[in-house]
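Chemist: here is a sequence with its predicted model. Questions after.
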Amino acid sequence: MTPPTQDPADDALLVAEVAGEPFTALQVASAISIGVIALLVSGLMPLLLGALAQEGRISASGIGLTAMLEALSTGLVTGLAGAFLKPRRLRLVALVATVLLVVIDLATTRASGSGVQLIRMLAGLPEGALLWIGIGLVSRTATPERWAAALFTGMGASQLAVAAVLSAVLPKFGANGGYVTLAACVALALLFVPFAPSRMGETAGGEGAISGAPPPRGWLALFATLCISGSVAAVAVYLLPLAAQAGLSRAAGRTAISIYLGAQILGGLMATVLAGRVRYVAVFGVCSVVFLATWTVYGATASAGAFMLMAGFSGASVMLAGPFLVPMTIEADPSRRAAMQSGAVQLLAGAMGPFLASLVVSDSNVHGVLALSAGLLLTSLAVIAVLHRTALAERKAARAAG
C-alpha cells in the first residue's frame, strides 16, 4: 500500500525505527529523558552512600554491597524486561515506576544498616523498568549509536548538575537531604511520561536475526568487558572515602566527584569524534595508563589539586573507553552475538565491581579497592591483547589465502 504523502519538512521531526512506525522528536526526547533519570543515581552513589557511611548508617564495606545490590537489580530488571516483555503500555509502566521510585527514595531517609541495602535493592526495580524504556527506544532506532550518545551525554550532564546541588545540600541536611533531593529529581520523569511512546515495534527477528550464545571468543570479550568496567565502577563508588584517606576535606572530596562527572561529558564528546577514526586498542592503552596513574594518586596522601585533576582525567577516560568496548567485541565475535550482550555485561560490572571491593576494604582503610581494580584492569588488557592478536593473525592468513 502506498504510504500517505508527507511534507518533507516533517521528516526532520521523525526518527526512523527499524521495527515499526518512526518516532517523533518529542517521543525520542521524552524516552531518553526517562532513561537519563533512571541512570541518575549511578553517578551520585559516591556522594549519597559516602554520606550514609559518614553518618554511621552503613559501614565502608556496606558502600560496595549497597551499590552492588542496586546496580544488580537494575540490570536484571532491564535485561529480563527486554527479553520477555512486549513494549506495550509504556506510559503506564513509566508512571508506576516513577511513583514507586520516588516513594523508595524517600523511604531511604528512614533506613540504616542492612535496611539501606534492602531499600536500595528495591530501588533498582523501578530504575530498571525506566531504563528499559530508554534503552528500548535507542535499540530500535535506525542510528542507535547517535541516540546512545545522547543518552549517556544527558546522563553525565544531569549527574553533574545534581551533584552540584548535593554538594550544597549534604553539609546542611545530611544523607536524608540528599535522598529527598534525588526523589525530587526522579519526580521530573512525570513531566515526560505523557509524551513518551505508548508502544514500540518488535525488534528485528526471523531471517537475519542475530541470536544464540556467543562463541568462545565472544565470551572472552565479554569477560574482558566485565573486568574493565568492574574495575572502574569499584573505584568510583569509593571515591569519597579515598579522598578522605588521601587527606582531603569532605568538601574537596565532593568537588572531586563533581569534576569526575563533569569530565565524563568531555569524554563522551571525544568518543563521538574519534569513533571510526581511532582503533580501540589505542584508546584502551591511553585510558588504562590514565586509570593506573589516577589510582596511584588516590592511594597517596595527595594535594586536593592533584586529586581533583586526576579525577577529571579518569572521568573523561571512563566515557571515552566505554563506546570502544563494542568494536572490541565485534572483532572477537564478528557474528555480533557478543556485542548484543555488551550493555548487559556493563550493567553487571556495575554490580560486580563494588561487591568485590566490599570484600577488600574496611572502615579504616579502603585502599584495597585500588589494588583490586588494578588487577581487574590488567587482566582485561591481557585478554584483549590475546583476542586482538588472534584476530590479526586470522586476517593475515585470510589475505594470504586469498
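Modeler: Cool, got the structure.
Chemist: so Ala332 makes contact with Trp219?
Modeler: No. Applying C-beta atoms under 8 Å, one finds Ala332 not in contact with Trp219, separated by 9.1 Å. Every residue, glycine included, has its C-beta placed from N, CA and C.
Chemist: so what sits against both of those two?
Modeler: The contact sets of Ala332 and Trp219 overlap at Ala338 (C-beta atoms under 8 Å, 6 or more residues apart in numbering).
Chemist: higher neighbour count, those two?
Modeler: Ala332 (26 against 16; other C-beta atoms under 10 Å).
Chemist: what's the spacing between that one and Tyr280?
Modeler: Distance of Ala332 to Tyr280, computed by C-beta to C-beta, to the nearest Å: 11 Å.
Chemist: would you mind measuring from Val41 to Val162?
Modeler: From Val41 over to Val162 the distance is 9 Å, taken as C-beta to C-beta.
Chemist: who's more crowded, these two?
Modeler: Neighbours per residue, other C-beta under 10 Å: of Val41 and Val162, the larger number sits with Val41, 26 against 23.
Chemist: excluding chain neighbours, what is closest to the more buried one?
Modeler: Leu182 (6.4 Å; C-beta to C-beta, 6 or more residues apart in numbering).
Chemist: against Leu348, how distant is that neighbour?
Modeler: For Leu182, the distance to Leu348 equals 23 Å [C-beta to C-beta].
Chemist: who has more neighbours out of those two?
Modeler: Taking neighbours as other C-beta under 10 Å, Leu182 and Leu348 compare with Leu182 leading, 25 against 21.
Chemist: quick one: list the elements packing against the strand or helix carrying the more buried one.
Modeler: Assigned by DSSP states H and E, Leu182 falls within helix 144-187. Applying 3 or more C-beta pairs under 8 Å, 6 or more residues apart in numbering; DSSP states H and E, one finds that helix 144-187 contacts helix 25-54, helix 90-107, helix 114-140, helix 250-274.
Chemist: before we move on, back to that, give me the common contacts of Val41 and Val162.
Modeler: Taking C-beta under 8 Å, 6+ apart as the criterion, Val41 and Val162 both touch Leu182.
Chemist: please state the offset of the helix or strand hosting Phe284 from the chain centre?
Modeler: In this structure, Phe284 sits in helix 280-298 according to DSSP H and E. Counting by C-alpha atoms, centre = their mean, to the nearest Å, helix 280-298 is centred 19 Å from the centre of its parent chain.
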